[in-house]
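Peer 1: need a 3D model of the sequence below.
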Amino acid sequence: MRIAFEIIRITQRLDEVIDFNALIFRIDAPKRVDIDSSRYLWIFLKTVIDGGVRKIIIDMKNLEMIDSSGMGVLINAAKLVRGKKGDIILSNVSADVRKIFKIINLQEFIKMFNTDGEAQNHFRFL
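Peer 2: Okay, the predicted model is just below:
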C-alpha cells in the first residue's frame, strides 16, 4: 500500500523546534481500505501521531471502498490524536461513504468536510 501525504504550514513562523500546532498533515486515502491495507494505514497514522502530529486531514477523494477494519483505524486514530489534544478530519467524502458513516453514526465522531479548503480552515482555528 502506498500512502501519499502533504505537510501544510498554516503560519509563516519557522523555528528550530517543530511546532505541530502550525502544521497540518494531509493524507490521501487509498482506493481501498480493507483488512489488508488498513494495518499499514494504522502503522502510518500511529507513527505520525506518536511523533507529535496533531492535525490530520484524510482526503477521501480516491476512496472507493472501506470495510469495518478501515473504520476501526479511523476511530482508533481519532482517539489517539485527541488524547494528545489534536484531531483527525475527513475531506472530499463521497455520498456513498457518507451513507456508511451515517449508518454507524461515525459522522458524529469524526468531522467531514466537502473540500480540503474547508478542512484546513477548521484547523486554523483549533
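
Peer 1: next one: phi and psi at residue 5?
Peer 2: Per-residue torsions, residue 5: phi -150, psi 160 (degrees, to the nearest 10).

Peer 1: mind checking how far it is from residue 96?
Peer 2: 24 Å (CB to CB, to the nearest Å). For the C-beta atoms, the positions are set from N, CA and C on the backbone; glycine is no exception.

Peer 1: higher neighbour count, these two?
Peer 2: Neighbour count, other CB atoms under 10 Å: between residue 5 and residue 96, residue 5 has more, with 15 against 12.

Peer 1: show me the contacts for the more buried one.
Peer 2: Neighbour list for residue 5: 25-28 [criterion: CB atoms under 8 Å, 6 or more residues apart in numbering].

Peer 1: just among the residues you listed, which is most surrounded?
Peer 2: residue 25 (21 neighbours).

Peer 1: in its sheet, what does the helix or strand containing that residue sit against?
Peer 2: For residue 25, the host element (DSSP states H and E) is strand 23-28. Strand pairing for strand 23-28, using DSSP bridges, gives strand 4-9 (antiparallel), strand 55-59 (parallel).

Peer 1: tell me which residues of the biggest helix by length in the chain come out buried.
Peer 2: Secondary structure of the chain per DSSP state H: the longest helix is helix 68-82. Within helix 68-82, the residues that qualify as buried by neighbour count (16 or more other CB atoms under 10 Å) are 69-71, 73-74, 77-78, 80-81.

Peer 1: cool, and stretch 94-111?
Peer 2: 97, 100-101, 106-107, 110.

Peer 1: pull the residues that contact that stretch.
Peer 2: Counting by CB under 8 Å, 6+ apart, 60, 63, 66, 71, 74-75, 78, 87-90, 93, 112, 122 sit against stretch 94-111.

Peer 1: would you mind measuring the gap between the ends of it?
Peer 2: Start-to-end span of stretch 94-111 (CA to CA, to the nearest Å) is 14 Å.

Peer 1: again with stretch 59-70
Peer 2: One end of stretch 59-70 to the other measures 14 Å (CA to CA).

Peer 1: alright, I will stop here.
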